[in-house]
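Peer 1: I would like the atomic coordinates for the input below:
(one chain, ligands or ions: 1)
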Amino acid sequence: MGYHKSIMDEATTNTPTDTSTLTTEDALQSGQPVAFQAEIQQLLDILIHSLYSETDIFLRELISNSSDALNRFKFASLTEDNVHDASAELAIWLKGDPDAGTLTIRDSGIGLTADDMVQNLGTIARSGAKDFLKAVKESGSDAISADVIGQFGVGFYSVFMVADEVHVTSRSYQPDAQAATWVSSGKGEYRIEPAEQDARGTTITIKLKDEHKDFAQPYRLRSVVKTHSDFVTFPIYLWEQQPAAEEVDEPTAEYKIVNQQQAVWRTPQHEVDDATYKSFYQSLTYDMQDPLMRVHLMTDAPLQLYALLFVPSRKDYRIMGGTEMGLKLYVRKVLIQDKFADFLPNYMRFIEGVVDTEDLPLNVSRQMVQNNAIIKKIADVLVKKVLSEFEKLAKGDVEKYQNVWQEFGMYLKEGVATDYANKTRLMPLLRFASSKSESSTDLVSLPRYLERAKADQDEIYYVIADSFESAARSPHLEYFRKHDIEVLYFSEDIDSYMLFGLDAFEGKTLKNVDDAELNLPETDSTESEDESDALEQDSFDKIITRFKDVLGERVVDVRESKLLTDSPVRLVNPKDAANTSMQRLQRLMGEDASVPKKILELNRSSSLIKSLADGPAESTVSDAVIEQLFDSALLAEGIHPDPASMVARIQSLMEAAVKA
Ligand code: ADP
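Peer 2: Here you go, the predicted model:
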């Protein structure tokens, strides 16, 4: 119904009388102009007026549409009985006419009926174009268009960057379809009219703007095809002048194939050089950088499978581009789906690439594909292969793996929580900063952690914090530093989620350092705590009671710390409470904003605690100090609900300090 509506809208403005009957057929016969959907017009205005210099992407987009149309025809011809012009060669033909200033692109693909034209060339179909408009809206200006149009793949409409007028003439593959022509100058409206064309497919004739007449030159077309469309799997013919043979006066022109049409994923690895892989990656993703990693897989048994996968250059390489994830799925070289998401688990959604198999039926329906046992087998092979490539890189090229980790480590952490079958393979791939890191990029793996752990250490320690810096400052670490026990820093939001799957590694339980019950390794008795200047039991008991009185219900208990050396207090998690990472996750998901109740531990040797004990039994200043110690501990844990509320108290404490 959508497209009928747009015709009627337009008809309302042109013929205010009876409009309800205007259909595609009427539009065809009357030649009445039809308005573009408002969004299309918006897109066209941006494209036409943009200062975007890479105008040659319009050709990439049109060739890509032709290639889609050819793939769809190939599929139809294998699954339907009756198709028009069955024996025509599947190809794309480009012909520039420098004198007339025109460029013609023809394909023998599936073609368009007049209805298809109304539906597809007047409304916004492509997700890339939608994303583009969304990004433009969000940025609040059209300026965004200048450098990012190329990333979006805005589709057919990009032709209006170079065209004064465009004619699309097409004959559908359906046996009794009628040819039609769609004409527009990209300014508000288009017309459709009946056409004469018996050959199946689509011919797009572009009347080039004066400043873009060079797109009628064969040398220009050849170079654009080589840059953007070399891997299109159908031949792209270019109409070119041939050098005149001596005996002929007139130079001749003929169609010559310009693209290499290589199905790189089916080419044996030793026959593909780095540059080819790279340009294939670029043509697949429109990413201008090198991929961080590639996985090329060809198997004969038990599956006949070809896959070429890439880890992109950066996680946000398509900041502006489409958000749809998935791999290109070919069955026996026929493209079945552009974004097939079921081959790789969700946490591997950053991987791009192509999968081609001989083992699926061509006419497998798209719903069936989701539950197919072969699909599952392929998925299994791919995941294992990707993991083994990660393992290889982690071992063989530490620096490069570090780059991959910086960009995509968070996805692997997600995998630890979600991919039960593979989590033991994922764990050694994890990397963390720790109390032994020189900087936030100095990372350790779990196997390495265990290698340098204490001989009798049977737990793996971690601290949860909001950043590397706050982890490094955590009062919980004092004891561990002193006794040279390494503590991992879990400072990313995803770490709390990861902990769902990371309870132990090689038999050693992971323990939060704020856990009330840690099974710490024996420490050297000669370096045991110096208790000579610690508070006496009697005074210490009193100060504990004071803390309890002041803090009341806000703490589960107040008690002595065995682990603090410098800080006066720390908060630990009671044994039966949800663990700190769960609490944090709940907070992140906005489920629980209340402050979890913890045990406050006091450092018996801290001079501040001692001074408090020495001071008057009760005073407003010591009350404020106790409150502030508690607030500071909440702050150190990153769970203070309202830090600004401390300001007034801190001021009064400063006043007291200055007066004293
Ligand atoms: P997209 O290709 O992403 O869907 P476009 O705006 O480029 O978006 O094209 C819109 C639609 O027009 C396509 O989905 C397709 O149905 C149709 N189309 C475009 N070019 C051709 C072509 N050469 N042959 C057949 N159909 C085409």
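Peer 1: list the contacts for Leu43?
Peer 2: Residues counted as contacts of Leu43 (Cβ atoms under 8 Å, 6 or more residues apart in numbering) are Ile124, Ala129, Phe132, Leu133, Val154, Tyr157. The way it works is simple: take the backbone N, C-alpha and C, and place the C-beta from them, glycine included.
Peer 1: quickly note the distance from it to Gly186.
Peer 2: 10 Å (Cβ to Cβ, to the nearest Å).
Peer 1: shared neighbours of the two, anything?
Peer 2: Tyr157.
Peer 1: restrict the contacts of Leu43 to those near the ligand?
Peer 2: Tyr157 (Cβ under 6 Å from any ligand atom).
Peer 1: max pairwise distance over the contacts of Leu43: which two?
Peer 2: Leu133 and Tyr157 (10.9 Å; Cβ to Cβ).
Peer 1: which of the two has more neighbours?
Peer 2: Tyr157 (25 against 18; other Cβ atoms under 10 Å).
Peer 1: wait, is that one part of a helix?
Peer 2: Yes - under DSSP: H, G, I helix; E, B strand; the rest coil, Tyr157 sits within a helix.
Peer 1: check contacts around it.
Peer 2: Contacts of Tyr157 by Cβ under 8 Å, 6+ apart are Ile40, Leu43, Leu44, Leu47, Ala129, Gly186.
Peer 1: tell me what whichever residue of the stretch 201-350 of the chain sits closest to the ligand is bridged to.
Peer 2: With Cβ to the nearest ligand atom, the shortest gap between the stretch 201-350 of the chain and the ligand falls at Thr202, namely 3.9 Å. Beta bridges link Thr202 to Asp107, Ser170, judged by DSSP bridges.
Peer 1: tell me the contacts of it?
Peer 2: Taking Cβ under 8 Å, 6+ apart, one finds Ser66, Ala69, Arg106, Asp107, Gly109, Gly111, Leu112, Val168, Thr169, Ser170 in contact with Thr202.
Peer 1: picking that back up, now, which of the contacts of Tyr157 sits nearest Lys384?
Peer 2: Of the contacts of Tyr157, the one sitting nearest to Lys384 (Cβ to Cβ) turns out to be Ala129, at 37.2 Å.
Peer 1: got a pLDDT number for the closest one?
Peer 2: Note on Ala129: pLDDT of 69.
Peer 1: Gly326 versus Lys575, what's the distance?
Peer 2: Distance from Lys575 to Gly326, by Cβ to Cβ: 45 Å.
Peer 1: repeat for Arg452
Peer 2: 41 Å.
Peer 1: tell me which of these two has more neighbours.
Peer 2: More crowded of Arg452 and Gly326, by other Cβ under 10 Å: Gly326, with 18 against 12.
Peer 1: where do the helices of the stretch 451-600 of the chain begin and end?
Peer 2: Secondary structure of the stretch 451-600 of the chain, counting by DSSP state H, counting those that start in this stretch: helices at 468-472, 477-482, 493-498, 537-551, 580-588.
Peer 1: which of those helices sits closest to the ligand?
Peer 2: helix 493-498 (32.8 Å).
Peer 1: what's next to that closest one, contact-wise?
Peer 2: So helix 493-498 is contacted by 410, 413-414, 416-417, 430, 464, 490, 581-582, 584-585, 588 (Cβ under 8 Å, 6+ apart).
Peer 1: filter those residues down to just the buried residues.
Peer 2: Among those, those scoring as buried are Met410, Lys413, Glu414, Val416, Ala417, Leu430, Ile464, Phe490, Ser581, Arg584, Leu585 (criterion: 16 or more other Cβ atoms under 10 Å).
Peer 1: mind giving me the packing neighbours of the strand or helix carrying the second one?
Peer 2: Applying DSSP states H and E as the criterion places Lys413 in helix 398-418. Where contact means 3 or more Cβ pairs under 8 Å, 6 or more residues apart in numbering; DSSP states H and E, helix 398-418 is packed against strand 305-311, helix 373-396, helix 423-426, helix 493-498.
Peer 1: which residue does the chain bring closest to the ligand?
Peer 2: Counting by Cβ to the nearest ligand atom, the chain gets nearest to the ligand through Gly155 (2.7 Å).
Peer 1: what's the burial count for that residue?
Peer 2: Around Gly155 there are 22 residues (other Cβ under 10 Å).
Peer 1: hmm, Asn65 and it touching each other?
Peer 2: Yes - look at Gly155 against Asn65 with Cβ atoms under 8 Å: they come within range, at 7.1 Å.
Peer 1: where do the strands sit along the stretch 51-200 of the chain?
Peer 2: 92-97, 102-107, 163-171, 180-184, 189-194 (DSSP state E, counting those that start in this stretch).
Peer 1: minimum distance to Phe215: which of those strands has it?
Peer 2: Evaluated over these, closeness to Phe215 peaks at strand 102-107, with 5.2 Å, by Cβ to Cβ.
Peer 1: could you give the mean pLDDT of the closest one?
Peer 2: Mean predicted confidence for strand 102-107 is 98.
Peer 1: helices or strands up against that strand?
Peer 2: By 3+ Cβ pairs under 8 Å, 6+ apart, strand 102-107 packs against helix 57-79, strand 92-97, strand 201-208.
Peer 1: possible to save the strands of the stretch 51-200 of the chain as CSV with distance to Lys213 and mean neighbour count?
Peer 2: Shown next, in CSV, are the strands of the stretch 51-200 of the chain (distance: least, Cβ to Cβ, whole Å; neighbours: other Cβ atoms under 10 Å):
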stretch, distance to Lys213, mean neighbour count
strand 92-97, 9, 22
strand 102-107, 9, 22
strand 163-171, 11, 21
strand 180-184, 20, 22
strand 189-194, 23, 18
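Peer 1: redo those strands as TSV? Include distance to Asn422.
Peer 2: Listed next are those as TSV, based on distance: least, Cβ to Cβ, whole Å:
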stretch	distance to Asn422
strand 92-97	42
strand 102-107	43
strand 163-171	48
strand 180-184	50
strand 189-194	52
